[in-house]
Each structure stands twice: as C-alpha cells, then as structure tokens.
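Enquirer: following is a predicted model, sequence given first.
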Amino acid sequence: MFNKKPISSTALSVGKSEWGNQSGGASYKPVFDASKVGDGKLEKYKVREGKNLIDVIPFNAGPSHPLVATGQCQEGDTMYSLDYTVHKSIGPSKQDFVCLRQFKKNCPCCDESQRLYNLGTEDSKKQATAVRSKRRCIYIVHDLIDGKYYYLDQAWFGFEKHINERAAITTDPATGAPVNPFDWENGKSISFYASKDKWNGNEFNKISESAFGFEDRAPLSDEVLSHSVDLSPGLIVSTEDEMDQALCGKPVVSQAKSETPVQTSQPVQSAPNFDTMQTVPQAQPSPTSGNPVPQTETVAQNLAAQAMEAAQAPSTQTSDNVCPHGYNWGDADKSPEPPECATCPLWDKCIDG
C-alpha cells in the first residue's frame, strides 16, 4: 500500500536532469522483468494511435532502487519512475545490460566505450557508440481511456523530457509555481498523441513530441493508489564478469538479479565527455577476475560488425533538417539508435525533432 509521502526531491531532481542518475536509453532484449514486480501481472502499456491519457502512479522505493542502493534516497521514499540506463546489443549475442555506473560500480561497457572513442578513428567512434549507455524510464500508469493499469517504458529524451518542458511553463493557479504532474495529490493527468510510423519495416505508433498536455484531476484515490508497487525488483542487473564475457564474444547464460547488496565504496563516475577525451587508457584489471578487461581485436571486430550492420539500414529524409549520415531526421530518438548518433554534432537537434 502506498504510504502517501510526498515525491522524493532527489527523484524529482534526477528526473529533470538531462543526465539523470547517469545516462541512458533503449535496448533490444528486455532488462526489465515485470513478473518480478508485485503480483507479477502488470502488463506493458502499448501506445495507441491518436490520443493517450494517463495518470502516473508513484510508488515507495525498495532497497534495490538505484537511488536507494547508492544512498541517494532512503527506502520508502516516494518515486514516480524507475529511471535507469542500459547498454544495448552487446557482443555477437546482442545481449543488453543495465549500466553499473548508476550503482556506483565499475562498468566494463562504459570503460570499453571510452577506450574505443579515445582511439580517435572513425571506425572506433562508431564502435564506441555501439556500446554507449542509453537512458529510459518506467512508470506505473492508469490508462484513463480503458481504465486499466500498466507499466510504461519510454526513452527519457522522447517522453519525460517533453513532459518536464511543458511543466516548466505551466503554473499552479494557487501558488504560481510550476506544476509537478507526477505528484499523487496535486498532479495532472498527462495527455499525448501518437501516429503510425515505420522503422526498418516495422510499424509502430510514434509519440508526437509537440503534443504533450495536462488535464486537471483530483488527488489520486485510495483505489488508484492500491495499484502502486515498487518497480525496482524488475530491473535485471548483471555482473561485471557477464559484461566482460559478452564483450569478448562469449555467450551469457543468464542475467540473474544479484541478491547481494550493492557496494558503494567507489565514487559515482560522471558521464564521459566525448569532446575532451584525448588519451587512450591502458587495460585495467577486472575487479571480479583479476585479468585485464578485453582490449583485443576480437572486441573491436565484433563491435565494428554491429556498427556496419546498423549503418547500412535504408533511410530517407522527411523534413527540412538533414541527417549528415543519411538517416531520417529524428532517428536519434529511436531504438535502435543509428551508431553515428553519439558523435554527431546535430544529435541534440535531432533528438528534439
């Protein structure tokens, strides 16, 4: 049962920051298992064509929530989303991994991405993009159109960013302060629109970034709040060894969630600044094996193959803005993101459409 505490100020701050708790985005294979959340029956929300209208239901964070596990929030604090980052399609098996930096731990995928970028060649930068982390957010939502409850998993840049922008210019008539649409008591219902689109031959409903809005609502009722449940047990967190194996081209048998507490002895590492990277780091021993993190041609060849495969995807221009790599404008906000996006000077504009 939801305890009706105000939403954590730390969670709000993280949600409004463009880096979040680290950085992140989309993935091919799931790194979230809804069967481990609550009674295991929470289904995924499917964006419908036309109008969507939802209420976001906050929840009290458990010990495995990234902000709680790292001591930034306390267990029981109210969250409105599970804000996480993921490395997608790693190695020949195209395995996805939750980024370990958001847990204040060393992340082999982040290290490999930085190493490859520091090599400075066009191919190495594409390989670096292939393993870079992306940010996503998962919410519990009440669908006000069909009356049912779901979890909604969206890229932060394509969803919450636009909600935050609209909230910043929408004031509360009583206080004159910007509204907090996620607040269970004084928040707003969130509306957005979607239309049919295609990506690599797959049809889906694409959310219009300019069509987010708010509708007045009463405080969430006890019946609605009874559907509140901690989302963090569903996040599948792998080990450094499993990441190393995938980077070396070895199959990862499982991604069982660790039952041991997350260690917080290492400081949080900030997101890499690709514009200032100049030196090539030497191989460092893996904390879990004592052996050097793979720096061989095998890793580079595997990642190069992924980058080339993505780069050959057909595309046409659909707006006055032109992608310098031949993709559709706005593809930086899609899954999978083209490999050139990480180093493209037009990325920020493309992500905003």
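Expert: In hand now; what should we look at? Values in this document were obtained by computation on a predicted structure and should not be read as measured data. Residues are numbered from 1 along each chain as shown.
Enquirer: list the contacts for D143?
Expert: By CB atoms under 8 Å, 6 or more residues apart in numbering, the contact set of D143 is Y45, N52, L53, I54, Y149, Y150. For the C-beta atoms, the positions are set from N, CA and C on the backbone; glycine is no exception.
Enquirer: quick one: the helices in the stretch 51-200 of the chain?
Expert: Secondary structure of the stretch 51-200 of the chain (DSSP state H, counting those that start in this stretch): helices at 66-69, 108-118, 122-131, 160-168.
Enquirer: mean pLDDT lowest where, among these?
Expert: Lowest mean pLDDT within these: helix 122-131, a mean of 85.
Enquirer: now do the contacts for the nearest residue to I138 once chain neighbours are set aside.
Expert: Spatial nearest neighbour of I138, excluding adjacent residues (CB to CB, 6 or more residues apart in numbering): L82 at 4.3 Å. Contact analysis of L82 by CB under 8 Å, 6+ apart lists F32, H65, C137, I138, Y139, L231, S232, G234, L235.
Enquirer: now with 7 Å, please.
Expert: C137, I138, L231, S232, L235 (CB atoms under 7 Å, 6 or more residues apart in numbering).
Enquirer: neighbour-wise, which of the residues you listed leads?
Expert: L231 (27 neighbours; other CB atoms under 10 Å).
Enquirer: redo the helices of the stretch 51-200 of the chain as TSV? Include mean neighbour count.
Expert: Output for the helices of the stretch 51-200 of the chain, formatted as TSV (neighbours: other CB atoms under 10 Å):
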stretch	mean neighbour count
helix 66-69	23
helix 108-118	24
helix 122-131	22
helix 160-168	19
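Enquirer: which one of the ones you listed lies closest to E240?
Expert: Nearest to E240 among those is helix 108-118 (5.5 Å), distances taken as CB to CB.
Enquirer: report the distance from the closest one to the chain centre.
Expert: On the basis of CA atoms, centre = their mean, to the nearest Å, helix 108-118 sits 19 Å off its chain's mean C-alpha point.
Enquirer: and G158, how far from E242?
Expert: Computed as CB to CB, to the nearest Å, the G158 to E242 distance reads 28 Å.
Enquirer: beta partners for the residue nearest the centre of the chain?
Expert: Centroid-nearest residue in the chain: R136, 1.9 Å away (criterion: CA atoms, centre = their mean). Beta bridges link R136 to Y84, A155 when assigned by DSSP bridges.
Enquirer: for it, report the pLDDT, please.
Expert: If you check R136, the pLDDT there is 93.
Enquirer: can I assume it is in contact with D153?
Expert: Yes. In terms of CB atoms under 7 Å, R136 counts as a neighbour of D153; the distance is 6.1 Å.
Enquirer: counting neighbours, what do you get for Q102?
Expert: 29.
Enquirer: what of L119?
Expert: Neighbour tally, L119, other CB under 10 Å: 14.
Enquirer: residue contacts, R166?
Expert: Going by CB under 7 Å, 6+ apart, the list of residues near R166 reads F212, G213, F214.
Enquirer: check K349 and give its pLDDT.
Expert: Reported pLDDT for K349: 66.
Enquirer: that older thread, what's the closest of the contacts of D143 to P324?
Expert: Nearest member of the contacts of D143 to P324, counting by CB to CB, is N52, at 33.0 Å.
Enquirer: could I get the helices of the stretch 51-200 of the chain as CSV with distance to C350?
Expert: Below are the helices of the stretch 51-200 of the chain laid out as CSV (distance: least, CB to CB, whole Å):
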stretch, distance to C350
helix 66-69, 28
helix 108-118, 19
helix 122-131, 14
helix 160-168, 14
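Enquirer: any chance you could list what contacts stretch 57-74?
Expert: For stretch 57-74, using CB under 7 Å, 6+ apart, the contacting residues are 2-3, 7-8, 10-11, 14, 21, 75-80, 84, 102-104, 140-142, 182, 184, 220, 224-225, 227-233, 262, 264.
Enquirer: low-confidence ranges in the stretch 1-150 of the chain?
Expert: Counting by pLDDT under 70, the stretch 1-150 of the chain has low-confidence residues at 16-29.
Enquirer: in it, which spans are strands?
Expert: Ranges of strands in the stretch 1-150 of the chain, per DSSP state E, counting those that start in this stretch, are 43-44, 50-57, 59-60, 78-79, 82-90, 95-98, 133-143, 149-155.
Enquirer: burial-wise, tell me which of these comes out on top.
Expert: strand 82-90 (a mean of 27; mean count of other CB atoms under 10 Å).
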